[in-house]
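Q: can you look at this prediction? I've put the sequence above it.
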Amino acid sequence: MITNRSIHVRCHAVLLVAVLTTLSACGPGNGLNLARVSGKVTYKGEPVKNGTVFFKPDESKGTVGPAAVGSITSNGTYVMSTESVGDGAIVGHHKVGITGVEPVAASTVEEYDPEKDAGGYMKAKSKTAAQAARGATKKNEEIFTDKGGKKYRYVVPMKFSNPEESGIIVKINGNQTVNFDIDDSGNVRINP
């Protein structure tokens, strides 16, 4: 005879199994072979003080899985994270993207609200276009605005931001330190 209590116990048992199965798929037992990876990023001999390092598994070399990201701290160091903070990157080959930025002081960037000052906005836009036409805007001084409205200047050449185009490739064999030294001419030296 099946009672309400036995149905209730069976439902809890099924629910518990479902929850444990879901949690085990999200945790370290998910089959990813991760290694802890950290290091330092320098540009022209100085630590990059803000930015990100991005490891994208290189499927053409047999490395498949989620990408890893590390935030560059004020002393140039980073720690890679794939699923949780500091857990590392997938063992294998990766294409690497490095973005180095610094905040732009508000006084160095002219800002105009086109709805409040259409004339000032158009003058600023014309000035920027004229500088670009004369070649006055340096590529490594490109400025962007983040979602929060803060302005940043690229301090590492933008070509290194995209892992598909940077030309930087690393092989992760196990827990290791990977330092990236970018010189004046835009060459990247990788030091273990």
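A: Okay, I see it. What you see is a predicted model, and the numbers here were worked out from it, not measured in a lab.
Q: point out where this structure drops to low pLDDT.
A: In the predicted model of the chain, residues 1-30, 106-141 satisfy pLDDT under 70.
Q: domains for it, by residue range?
A: The chain breaks down into these domains under automatic domain parsing: 1-31, 33-102+147-191, 106-144.
Q: wait, M80 sits on F54?
A: No. Using Cβ atoms under 8 Å, M80 makes no contact with F54, being 9.2 Å away. The way it works is simple: take the backbone N, C-alpha and C, and place the C-beta from them, glycine included.
Q: look at the two and report which has more neighbours.
A: M80 (26 against 20; other Cβ atoms under 10 Å).
Q: which residues does G70 bridge with?
A: V53 (DSSP bridges).
Q: tell me which other helices or strands the top strand by length along the chain touches.
A: Scanning the chain for the strand with the most residues, using DSSP state E, yields strand 92-103. In terms of contacts (3 or more Cβ pairs under 8 Å, 6 or more residues apart in numbering; DSSP states H and E), strand 92-103 is packed against strand 37-43, strand 51-57, strand 151-154, strand 168-172, strand 179-182.
Q: okay, these in JSON lines with distance to D87 next?
A: Formatted as JSON lines, the helices and strands packed on strand 92-103 follow (distance: least, Cβ to Cβ, whole Å):
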{"stretch": "strand 37-43", "distance to D87": "10"}
{"stretch": "strand 51-57", "distance to D87": "12"}
{"stretch": "strand 151-154", "distance to D87": "27"}
{"stretch": "strand 168-172", "distance to D87": "13"}
{"stretch": "strand 179-182", "distance to D87": "20"}
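Q: show me where the chain has its strands.
A: Going by DSSP E, the chain shows strands at 34-35, 37-43, 46-47, 51-57, 68-72, 77-79, 89-90, 92-103, 143-145, 151-154, 168-172, 176-177, 179-182, 188-191.
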